[in-house]
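In: need a 3D model of the following:
(chains A and B)
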Amino acid sequence: MNPTAQTFPEKAWALFKKLWSSVEFKLVLAWLFVVVATALLDSNHTYWNDPRGSSELIVRRTVLLGFFALGSAIIIISGGIDLSSGSVIALSATVFGSLLILLDPNGFREGHLSRLAVVLAMAGTVSVGAMIGTLHAWLITRIGLPPFIATLATLVGLRSFGRGLTPTVTIGGKSQIDFPDKLLRDALKDVTTMSIVFVVFAILLWFLMSRTVTGRHLHAMGGNEQAAKLSGIRTDRLKWLAYVLGAVSASMVGMISFADDGSAKPDIMARGYELNAIAASVIGGCSLQGGVGTIPGTILGCLFLRTVIDAVSKVVGSGADVYEGMIVGIVVVLAVTFSQRGQKAIVQRYFNNAIGWSIIPVLSILAGLLMLLFFGKQTWYTPAHAIVAGLVVGGLLVARGIWETMAEKKS
Amino acid sequence: MAETDSAETDLAETESIVSMRGIGKRFAAVKALDEVSFDVKPGELIAICGENGAGKSTLMKILSGVITDYDGTLAIDGKPIRFTGTRDAEEAGISIIHQELNLVEQLSVAANVFLGREKTTAFLFRDDRAMQREAGALLAQLECSVSPSALAGTLRVGDQQLVEIAKALSLNSRILVMDEPTSALTESEVDRLIRVIAKLRERGTTILYISHKMEEVFQLSNRIVVLRDGRFIAQLNTSETNAREITHLMVGREIESLDLGEKPTRGHRLLSVRELSLPWPGHARGYRLKDISFDLYQGEVLGIAGLMGAGRTELLECLFGAAPMAPSGQIHLEDRPIRPRHPSEALAAGMALVTEDRKRLGIFTAMNVGRNITLCELASMRRGLGVNGSLERTAANSMVDKLQIKTAGLQAAITSLSGGNQQKCILGRWLLTKPKILLLDDPTRGVDVGAKAELYQIIRQLCAEGLGVIVTSSELPEILTLSDRIMVLSEGRQTALFSREEATQEKILEAATMSVA
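Out: Sure thing, here's the model as predicted:
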């Protein structure tokens, strides 16, 4: 076909197909869908009545996740994994608080910290992040531990270290540090400042990953470490950079979370966040095999994940944080399933073998239970709703299984 | 050019065991196979010839159920059939020995032979003893002396291949597909394989044999099918043709004679290596390399011959700073002592290494052709802090032109290229660094005749430009064609150094098998 003879719809279709092949475009579409669906389904119409407040909440959560998810993404792209970010956040908040106490004890007590103490404490906390990253890089490159093991050790170790540190610096040996300075707290947790810092940070990392030699080398190392080394790339130094960026970005989140939460509680703070960061990276198109992934994709992954969590809390009404883990799990499974689909041309066989058929009752029961959990307190709810929901889902999946079998026979 | 008719008409009447009609397969935009049709009679050994990228491997993957999504029809014993996987094909009596062997290295030989079809005792316990007994019997038939309880990963490539053949025998396969089975074998292993093939044919096994090596093709086959660019070109009875005609059909043009023309003049000394040794702790021999000394001059090709395990790759790794531990001895580059401890130091000193194992150590599958080419030299394509896109494109294109890399563009996936073109990309990656010394570790392994000749020309041209080249190869004719001088290694020691004039295959082989305890 002569390309110049293309009509407008053909051109538009070609453009759409090109865009469709990018993770970023699909995520934007999925995000728009979630926003519209929530606006329509939410019985309190929060998105209509308070667009400013709603978006502020989502942006705040996205930015807080985004900071260390970007660090995590760089580690994943370079072929590693960082399980420690949650603990690094908790420890950094503790270290930040401890440094403030040590550097300006009077100011801490009176609630008016000196500017010098704050700057020094911030620099100190970021340095601690860099030290943790260096520790990871040393364990991985010199000791030869797999990244999973090295960061698993710091995941459990650093949180415990933070818990030990807190009573030794606080008066009366308390297990948490309260944020002392209201003005500083407001400045740190201000969503505009936070967003600006994040945008600058993200642009720097985007430039690093997609425009510099170092970024290309990180991709190469993630894709084929042996070949990268034999191409004269200093893989050990790159790993150091990746793990330091990962830990430093988590340290920054630690300081902001300290202000956002109003206190540093090393025992419970940011628990399990590392998995959210990994999930956001994967949703954003990073491959856990390494070598594949982008910064914009990861940011969209964070935005999508936080928006879905927010959407469920709006629709369900209460207890949203209870379902956060479940939502992350479901979204990750769907996102990866969806992104794998494009690679294979034929009909996917999800349900028409022994494992496939046996999962249908599991998913049906789950659907019924979710109906009960989400809407059990609504006035219109009766047990029949849950049963019908389970039966409908089960019926649909059986229909899909039968269709798959027929499609297979036909070919 | 296509002399298809005579052979095809009389085949149509005979009963054929395999018949392919209009087989086609696309990978994205590339047509790997286009309307390929031919028949195979029971008990035949058909050689499938064609350059890399001709579609031989794809066709065999369809026949053996590895690829299930294709156009056209396949019939076994006259019945149309469509496999849904390799299991299906195995049940129909078809086994394939892949070019890259498919063994689980952590399992024993016997476990590999019976993988997926493990024998059990009365209570459904695994019967390891019976499996080892049977695997041992099968291997004995194949003149293979390895223990059935040895781990597959510890075997030599030649023995691993026989394990795969043993697996096919245990399946009672009537049709055996062999994809370049001799590409990684030593001469004696090739001889053994040829004897094994003769035995298989006595039992009536039909064999489809893919190879680049004309010698083997003519020794073994009774019919030759030629593919080119995914299309069926011709089928000829082996007795009625010759190597020249087949090569002609494969390439579609007269292949340049392998006389590479005038040899460039030898310049100053680039590299001098004295008493290079590489220890091997924990091994009976105690060293991987011992007391290697040689010089390399500008414009010269130094060939390194030796059997597998002789230390060819290790020697190149030592020079390139990629050895598992620090070697001893002196290396001088243009009379300055160097001691590279990391490939980046060797790169800075002016060396380049094209590795032996292209898939594992060479290409970056997640990157496109352009990025694969520019990787080593990105730092010089910066403008400010970032890499400049147009500088990068210019550099990559210069190599695509210079080496005549056949690609759909710089954005194409590296995996969409044929083996020879992937190899050229890696060569291009290193040429961009403007090296003084080029180390080539078995550069034409898995590369077809046409691309081989092109690579030879390129190597010769680089010598004329003033590079010094060290090349290893598992094929003696290649070493003899390319090299100005030939060093022979045996068990980690240097056993001979020939000039091109005095070297012959016999002399090299003698030195390569010399025992130097």
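
In: pLDDT weak spots in chain A?
Out: Along chain A, segments meeting pLDDT under 70 span A:1-5, A:318-320, A:340-347, A:411.

In: get me the contact residues on it for chain B.
Out: Neighbours of chain B within chain A, by C-beta under 8 Å from any C-beta of the partner chain: A:207, A:211-213, A:216-217, A:219-220, A:222-224, A:226-234, A:287, A:291-292, A:345-346. Placement of C-beta: from N, CA and C, glycine included.

In: which of these are buried?
Out: Among the residues of chain A next to chain B, those scoring as buried are A:211-213, A:216-217, A:219-220, A:222-224, A:227-234, A:287, A:291-292 (criterion: 16 or more other C-beta atoms under 10 Å in any protein chain shown).

In: tally of neighbours for residue B:85?
Out: 11 (other C-beta atoms under 10 Å in any protein chain shown).

In: and if you look at residue B:329?
Out: Other residues close to residue B:329 by other C-beta under 10 Å number 17.

In: secondary structure class for it?
Out: strand (DSSP: H, G, I helix; E, B strand; the rest coil).

In: separation between residue B:435 and chain A?
Out: Residue B:435 sits 11 Å away from chain A, going by C-beta to the nearest C-beta, to the nearest Å.

In: what residues are up against that residue?
Out: Residue B:435 is in contact with B:347, B:350-352, B:467, counting by C-beta atoms under 8 Å, 6 or more residues apart in numbering or on different chains.

In: can you list those residues in JSON lines and add secondary structure, neighbour count and distance to residue B:397?
Out: Below are the contacts of residue B:435 laid out as JSON lines (DSSP: H, G, I helix; E, B strand; the rest coil; neighbours: other C-beta atoms under 10 Å in any protein chain shown; distance: C-beta to C-beta, whole Å):
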{"residue": "B:347", "secondary structure": "helix", "neighbour count": "23", "distance to residue B:397": "22"}
{"residue": "B:350", "secondary structure": "coil", "neighbour count": "19", "distance to residue B:397": "24"}
{"residue": "B:351", "secondary structure": "strand", "neighbour count": "28", "distance to residue B:397": "25"}
{"residue": "B:352", "secondary structure": "strand", "neighbour count": "27", "distance to residue B:397": "20"}
{"residue": "B:467", "secondary structure": "coil", "neighbour count": "25", "distance to residue B:397": "21"}
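
In: residue A:338: which of those residues is nearest?
Out: residue B:347 (41.6 Å; C-beta to C-beta).

In: helix, strand or coil for the residue nearest to that closest one when sequence neighbours are not counted?
Out: What sits nearest to residue B:347 in space, not counting adjacent residues and going by C-beta to C-beta, 6 or more residues apart in numbering or on different chains, is residue A:232, at 3.7 Å. Three-state call for residue A:232 (three-state DSSP): coil.

In: quick one: residues contacting residue A:232.
Out: When contacts are counted by C-beta under 8 Å, 6+ apart, residue A:232 touches B:342-344, B:346-348, B:376.

In: ok, now with 6 Å
Out: B:343-344, B:347, B:376 (C-beta atoms under 6 Å, 6 or more residues apart in numbering or on different chains).

In: just the ones of the residues you listed in helices?
Out: Among the contacts of residue A:232, the members falling in helices (DSSP state H) are B:343-344, B:347.

In: make TSV from these and add pLDDT to it.
Out: Listed next are the ones in helices among the contacts of residue A:232 as TSV, based on pLDDT from 0 to 100:
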residue	pLDDT
B:343	95
B:344	95
B:347	95
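
In: so how far is residue B:140 from residue B:159?
Out: Plainly put, residue B:159 is 13 Å away from residue B:140 if you go by C-beta to C-beta, to the nearest Å.

In: more neighbours, the two?
Out: Ranked by neighbour count (other C-beta under 10 Å), residue B:159 and residue B:140 place residue B:159 first, with 19 against 12.

In: so for that one, what's the pLDDT?
Out: We have a pLDDT of 85 for residue B:159.

In: could you verify that it is part of a helix?
Out: Yes. When classified by three-state DSSP, residue B:159 is found to be part of a helix.

In: looking at chain B, which helix or strand does the model trust least?
Out: The helix or strand of chain B with the poorest confidence is helix B:5-13; it has a mean of 45 (mean pLDDT, DSSP states H and E).

In: would you mind identifying the next helix or strand past it?
Out: Counting by DSSP states H and E, the next helix or strand C-terminal to helix B:5-13 is strand B:18-27.

In: which is the next helix or strand following that next one?
Out: strand B:30-40.

In: just the CA atoms of the helix or strand residue B:110 falls within, as CSV, please.
Out: According to DSSP H and E, residue B:110 maps onto helix B:109-113. What follows is helix B:109-113, C-alpha atoms only, in CSV (Å, rounded to 0.1, in the frame of the first residue of the first chain):
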residue,chain,number,x,y,z
VAL,B,109,22.6,-37.8,32.3
ALA,B,110,20.0,-40.5,33.0
ALA,B,111,17.6,-37.9,34.5
ASN,B,112,18.0,-35.8,31.3
VAL,B,113,17.4,-38.8,29.0
